[in-house]
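In: Dropping the sequence and predicted coords here.
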Amino acid sequence: MTDPAVCPDPPERMCPSTPAANATVFLGMITPAGRVAYVTPATPAEVALAAAGDADTPVESRYRLAGPCVTSSCGFWTGDHCGLGARLAASYQEAVGPTEVELPKCAIRRTCRWFAEQGPAACPACSHVVTDTR
């Protein structure tokens, strides 16, 4: 039996596509081509939110934000994993086939829910996601 004092708790899983209201990390900016230009090292979400100002477009359509995965409080939660991360990774692999890609520099990969569940297949798909807060 393993001593619980020796085994640290697993890291809190982060959602790489969090609405601004739940965001704790600024992941990057959405480019005109609709891809994420990642920011490293980790930057507090407050920095991006303060710079966002009061524009007519939602901050989520301009910035990618991350925050704690809310599991069962999220519409994408299946009961045991993130359905969105699984769907994105599968559709990306279906579109481009099994190919080795260079992973983008990501500030949350160590704790990312999608990466933890889908592995490196989640990363190329992730860079195409724009959070929809409607």
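Out: Ah, there it is. Numbering: from 1, shown residues only.

In: And for Ala55, the neighbour number?
Out: For Ala55, the neighbour count with other CB atoms under 10 Å is 9. In short, each C-beta sits where N, CA and C put it, glycine included.

In: ok, it touching Ser61?
Out: No - counting by CB atoms under 8 Å, Ala55 stays clear of Ser61, with 9.3 Å between them.

In: In its sheet, which strands sit next to the top strand by length along the chain, and in what direction?
Out: Using DSSP state E, we find that the single longest strand of the chain is strand 36-44. The strands that strand 36-44 pairs with in its sheet are strand 25-30 (antiparallel) (by DSSP bridges).

In: Okay, strands next: where are they in the chain?
Out: 14-15, 25-30, 36-44, 63-68.

In: closest one to Ala125 among those strands?
Out: strand 36-44 (10.8 Å; CB to CB).

In: for the closest one, the distance to its chain's centre please.
Out: For strand 36-44, the separation from the chain centroid amounts to 11 Å (computed by CA atoms, centre = their mean, to the nearest Å).

In: What residues of that strand count as buried?
Out: Going by neighbour count (16 or more other CB atoms under 10 Å), the buried part of strand 36-44 is Val36, Tyr38, Val39, Ala42.

In: list the contacts for Tyr38?
Out: Applying CB atoms under 8 Å, 6 or more residues apart in numbering to Tyr38 gives the contacts Leu27, Gly28, Pro104, Lys105, Cys106, Ala107, Ser127.
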